[in-house]
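Student: need coordinates for the following:
(2 chains)
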Amino acid sequence: MSEANIEFKGSSFTLSVLHVRTLILADFRADLMKKVAQAPDFFYLVPIVVDIERVDSSIDYQAVKLLVEEFKFTFVGFTGSVSKEQRKLIRELGFSFVNSANNAVNNTSNSSASNTQNVEVSTKTVIAAEATVTKVEQTEIVPQLALFTDKIHRGQIRSGQQIYAKDQNLVIIGSVSAGAEVIADGNIHVYGSLRGRAIAGAKGHHQAQIYCQSLEAELVSINGNYWLSESMEKHWSSPAYIHLSDTELVSSKLI
Amino acid sequence: MARIIVVTSGKGGVGKTTSSAAIGIGLALKGHKVVLIDFDIGLRNLDLIMGCERRVVYDFVNVINGEATLNQALIKDKRVSSLSILPASQTRDKDALNKENVGRVLEDLGKRFDYIICDSPAGIEAGAMMALYYADEAIVTTNPEVSSVRDSDRILGMLASRSRRAELGLEPIKEHLLLTRYSPKRVEEGEMLSVEDVEDILAIPLLGVIPESQAVLKASNAGEPVILDVESDAGKAYQDVIDRLLGETVEFRFLVAEKKGILSRLFGG
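Tutor: Numbers count the residues shown, from 1 in each chain, chains lettered A, B, ... in the order given. Model prediction:
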């Protein structure tokens, strides 16, 4: 298998979210300056997502971006529960809109806060740079078990051969020879003897399992936890499946 | 169309050349027109086993390079007239062959012969790949021991992925398992893998089991393929192989250790 030079993978990060509660850029700037002055090093080049939920769509997105960049934040994009139209507008202006896992929840508490917008009170707490745990959900996240489809291989996997079921379960109708390698992002089923290496949940799928009619493997691995043959004594040469319990591999009798 | 059969194994010293020679002679004795090609460029052996080493003038590489015609290079066997040998070059290396030229030579040979037997070099490098590339059938020669079985498994993977048939998506190469140097006594003592063990691992049809025999070494040194030694176990086993290759169903022999009778025990026979 030739190794690709790049690879897209989903991952979760903690990002700082800057909640904007005013349309007046001068106020925004003044409060931001105050906040940054408290800990200039802490904010230097920190990736920042700007939450615009509390302000209406007339906000000057470009100016907001330049402003946070002026204070040496790394601007990531906008977030907040906003209308579809507004999201579309943001994208059209060339900014990314970051979906937050919290957005849906915020939606309900939103209406009461919005009518205080013009009042002086709002400027008191104009800006709060909160280190809110926000999930950046990218399109490629390890699919749930139910979403895996099957890659089916009929025949032996011979020594030196390698087969990879990307984002799929792998079903082999035949044996996997010693010196062969079978890899799947989902489960691996071997309708024959498993004598080579089997790597399930390759992209990090904890629930992945390996099933075989005769366990004689050189190595089995699930989500990065592996066993060499010496650990498989209990079900050696018999029908078995391997799964993860916490971070420990466990083998169980299949039939 | 000629049947192109490669005799291959991955591992060296398991009996590829001995088997090629025996199968070549055996098929020819049945009246078929057969050519044996030695693909082991640089380590020419087939001519020795066939006992024609003193008659080599031109070789396979000469034909490939257009330095000799097929007629000049082919050596007619003195025992069986329908058998010819195309010897390897002893002075060149495996890089002398390329797919295109080998294909052309095989095509020419296909017009004159019924069977083309390609004796493969050991290994999985260019030479071995060249020998198996054009094959229709493969005789995977294996000794009943783990390293040989592992290497045969590797070669089976190559047959399924690197051959012309695989590349063009044609019907896959027909695979045969030939188990050589089989000693039922040592199997019983647990020193050797049994036929069943090997069949279980390789999962291809069994073509023959050749018993470990003194006759093989004797035959090789004499340049008389062992199949001509009709009294020997190995000779008889190769005879069975030929019958199976030609589609007959023949029972397997020499799979169990001979029990010595009371008389031969008494007289030390």
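Student: which helix in chain A has the most residues?
Tutor: helix A:25-38 (DSSP state H).
Student: residue contacts, the residue of the stretch 51-200 of chain A found nearest chain B?
Tutor: Shortest the stretch 51-200 of chain A-to-chain B distance, computed as C-beta to the nearest C-beta: residue-wise this is residue A:158, at 3.1 Å. For the C-beta atoms, the positions are set from N, CA and C on the backbone; glycine is no exception. When contacts are counted by C-beta atoms under 8 Å, 6 or more residues apart in numbering or on different chains, residue A:158 is found next to A:177, A:180, B:153, B:154, B:156, B:157, B:160.
Student: most neighbours among those, which one is it?
Tutor: Neighbour count (other C-beta atoms under 10 Å in any protein chain shown) singles out residue B:153 as the most crowded of these, with 29 neighbours.
Student: specify the local secondary structure of that one.
Tutor: For residue B:153, the assignment made with DSSP: H, G, I helix; E, B strand; the rest coil gives helix.
Student: how about residue B:135?
Tutor: Secondary structure assignment for residue B:135 (three-state DSSP): coil.
Student: how close does it get to residue B:204?
Tutor: 14 Å (C-beta to C-beta, to the nearest Å).
Student: the two: which has the busier surroundings?
Tutor: Ranked by neighbour count (other C-beta under 10 Å), residue B:135 and residue B:204 place residue B:135 first, with 25 against 20.
Student: where does the more buried one land on pLDDT?
Tutor: Listed pLDDT for residue B:135 reads 98.
Student: how would you label the residue in the stretch 151-269 of chain B positioned nearest to chain A: helix, strand or coil?
Tutor: At 3.1 Å from chain A, residue B:157 is the closest residue in the stretch 151-269 of chain B, using C-beta to the nearest C-beta. Per three-state DSSP, the local secondary structure of residue B:157 is helix.
Student: that one touches residue A:159, doesn't it?
Tutor: Yes. Assessed by C-beta atoms under 8 Å, residue B:157 is found in contact with residue A:159 at 6.3 Å.
Student: who touches both of these two?
Tutor: With C-beta under 8 Å, 6+ apart as the test, residue B:157 and residue A:159 both reach A:177, A:180.
Student: what number of residues lie near residue 93?
Tutor: Let's take chain A. Close neighbours of residue A:93, defined as other C-beta under 10 Å, add up to 11.
Student: oops, wrong one, chain B.
Tutor: 13.
Student: so what's it up against?
Tutor: B:41, B:42.
Student: that one and residue B:65, how far apart?
Tutor: From residue B:93 to residue B:65 the distance is 13 Å (C-beta to C-beta).
Student: ok now the host helix or strand of residue B:149, how far from the chain's centre?
Tutor: Element membership for residue B:149 (DSSP states H and E) is helix B:146-161. Remark: helix B:146-161 is offset 16 Å from the chain centroid, using C-alpha atoms, centre = their mean, to the nearest Å.
Student: on the three-state scheme, the nearest residue to residue B:197 once chain neighbours are set aside is what?
Tutor: Leaving aside its chain neighbours, residue B:197 sits nearest to residue B:144 (7.5 Å; criterion: C-beta to C-beta, 6 or more residues apart in numbering or on different chains). Reducing the assignment at residue B:144 to three states with three-state DSSP gives coil.
Student: just give me the neighbour total for residue 55.
Tutor: Assuming you mean chain A. Neighbours around residue A:55, by other C-beta under 10 Å: 21.
Student: think we crossed wires, I meant chain B
Tutor: The burial count for residue B:55: 14, using other C-beta under 10 Å.
Student: any idea how many residues pack against residue B:206?
Tutor: 16.
Student: hang on, it packs against residue B:195?
Tutor: Yes. In this structure residue B:206 lies within contact range of residue B:195 using C-beta under 8 Å: 6.9 Å.
Student: what's the helix or strand for residue A:67?
Tutor: Per DSSP H and E: residue A:67 is located in helix A:61-70.
Student: packing partners of the helix or strand that comes right after that helix?
Tutor: Moving toward the C-terminus from helix A:61-70, the next helix or strand (DSSP H and E) is strand A:74-79. Counting contacts by 3 or more C-beta pairs under 8 Å, 6 or more residues apart in numbering or on different chains; DSSP states H and E, strand A:74-79 is packed against strand A:47-51, helix A:61-70.
Student: any chance of the ones you listed in a markdown table with mean neighbour count as columns?
Tutor: Below are the helices and strands packed on strand A:74-79 laid out as a markdown table (neighbours: other C-beta atoms under 10 Å in any protein chain shown):
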| stretch | mean neighbour count |
| --- | --- |
| strand A:47-51 | 22 |
| helix A:61-70 | 16 |
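Student: out of these, nearest to residue B:23?
Tutor: Evaluated with C-beta to C-beta, the helices and strands packed on strand A:74-79 place strand A:47-51 nearest to residue B:23, the distance being 70.7 Å.
Student: what mean pLDDT does that closest one have?
Tutor: The average of the pLDDT scores along strand A:47-51 is 87.
Student: what sits up against it?
Tutor: Residues lying outside strand A:47-51 but in contact with it, judged by C-beta under 8 Å, 6+ apart, are A:15-20, A:64-65, A:68, A:73-80, A:98, A:100, A:129, A:134.
Student: mind listing what's buried along stretch A:168-181?
Tutor: Buried residues in stretch A:168-181, counted by 16 or more other C-beta atoms under 10 Å in any protein chain shown: A:168-172, A:174-181.
Student: same deal with stretch B:222-236?
Tutor: Those would be B:224, B:225, B:226, B:227, B:228, B:229, B:232, B:233, B:234, B:235, B:236, for stretch B:222-236 by 16+ other C-beta under 10 Å.
Student: now do that stretch: distance to the chain's middle.
Tutor: The chain centre lies 15 Å from the centre of stretch B:222-236; the measure is C-alpha atoms, centre = their mean.
Student: chain A against chain B: which residues are in contact?
Tutor: A:155-156, A:158-161, A:174-175, A:177-180, A:193, A:195 (C-beta under 8 Å from any C-beta of the partner chain).
Student: would TSV of the residues you listed with distance to residue B:77 and secondary structure be doable?
Tutor: Listed next are these as TSV, based on distance: C-beta to C-beta, whole Å; DSSP: H, G, I helix; E, B strand; the rest coil:
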residue	distance to residue B:77	secondary structure
A:155	38	coil
A:156	37	coil
A:158	35	coil
A:159	36	coil
A:160	37	coil
A:161	39	coil
A:174	41	coil
A:175	41	coil
A:177	38	coil
A:178	40	coil
A:179	39	coil
A:180	41	coil
A:193	44	strand
A:195	43	coil
